[in-house]
Structure formats: structure tokens, C-alpha cells
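Asks: any chance you could fold what I've pasted below:
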Amino acid sequence: MIVYRIGRTKHADDLSGEGARLNGGRWNHKLTPCLYTSESRALALLEYTVNVNIDEIPRALSFTIMEIPGDHILALAIADLPGNWMAAPAPASTKDFGTILLKNAEHAVIKIPSAVIPDEYNYLLNPLHKNIAKCKILDVRDFVYDVRIKFK
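Replies: Numbering: from 1, shown residues only. Okay, the predicted model is just below:
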């Protein structure tokens, strides 16, 4: 299965989940590593856009295209998630929920609905899982962010 992530070019080949460990995210508390990816480039860009301030968008961005194994995926439905999972900013309940799953390390990948487009999916890669090494970077492509996406 192919997934995508967008971020600073200097971190494009980092699969440690260090950025999410340092900053936290919708599905993890700080100090819990996680790698956020999406099922399409468009969803990855949309997720990035809603989570970054226009003044913080770097000039050097890249899409990382990855292949992830089809096994060890925990597929979650909306009914499995905390009731307020779409709230912005991300509530503690989603961070608690995801952190428990990540620390449990039963699954290398968690398929979870996007809070931006619930009919599409993000894939959380768990660096704590023993099979995370099966996730491979296929390509890294430079990307120029079109500020019209974020223009007010």
C-alpha cells in the first residue's frame, strides 16, 4: 500500500516519528512517536495546511512517498473513535486514545478517518512496532507550496 506525507525536506527521510514525539498531534501526546501519513497527496497536503500557520511554511518542502505493509494494520471506523474526535484543536481524548494504541505497539499501522474529510483516511505509522522497518520510502519529491491554498 502506498501512503504520502508532506513536511520539511530535511526530515523527508526520517521515519522515527520524532516530530510528532516532540510536538504531539491529534492522535498522540508529546513523548510518543508517530508518523502521520495519508492515502493521497491531496489529503496529506490538506492535513498539513490545516495544521500549519502560513508564516511557518518552509520553502523546502517535500512529499515522501512510502510503501507500507498490508498486514498489522488496525482499521478504525468513526464509531470506534472518541465522540469529539473531530474537534479543533484536537482534544485530549483523541491524544489519549491514540497514545494508548501507539504505546501498546500491537499494530505497525493504524488506519483512521481524517478529521478534515472523514470519508478519507490517514495512516499512523508506529515507530515502536517491531515491523516498522517494513515501511519503505519509495521516493521523495520537492514540493512548492502554493500560498493561495492558505490565503485569507
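
Asks: gap between the spatially most central residue of the chain and N122?
Replies: Among the residues of the chain, Y36 comes closest to the average C-alpha position under C-alpha atoms, centre = their mean, at 1.4 Å. Shown here: Y36 relative to N122, a distance of 6 Å by C-beta to C-beta, to the nearest Å. Any C-beta I mention is one placed from the backbone N, CA and C, and that applies to glycine too.

Asks: the residue nearest to the centre of the chain: which element?
Replies: Here Y36, judged by DSSP states H and E, is contained in strand 35-38.

Asks: ok, and what's touching that strand?
Replies: For strand 35-38, the surrounding residues in contact (C-beta atoms under 8 Å, 6 or more residues apart in numbering) are 3-5, 15-17, 20, 25, 27, 44, 47, 66, 68, 114, 120-127.

Asks: max-length helix in the chain?
Replies: Longest helix of the chain, by residue count under DSSP state H: helix 92-104.

Asks: just checking, what packs against that helix?
Replies: strand 109-113 (3 or more C-beta pairs under 8 Å, 6 or more residues apart in numbering; DSSP states H and E).

Asks: how big is the angle separating the strand it packs on from helix 92-104?
Replies: 160 degrees (axes from the mean of the first three to the mean of the last three C-alpha atoms, to 10 degrees).

Asks: so what strands line up beside strand 109-113?
Replies: If you go by DSSP bridges, strand 109-113 pairs up with strand 73-75 (parallel), strand 121-125 (antiparallel).

Asks: just the CA trace of it, in PDB.
Replies: Taking Å, rounded to 0.1, in the frame of the first residue of the first chain, the C-alpha atoms of strand 109-113 are listed here in PDB:
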ATOM      1  CA  VAL A 109      -0.100   0.900  11.100                       C
ATOM      2  CA  ILE A 110      -3.400   2.400  12.300                       C
ATOM      3  CA  LYS A 111      -5.900   3.400   9.600                       C
ATOM      4  CA  ILE A 112      -8.000   6.200  10.900                       C
ATOM      5  CA  PRO A 113     -10.600   8.600   9.300                       C
END
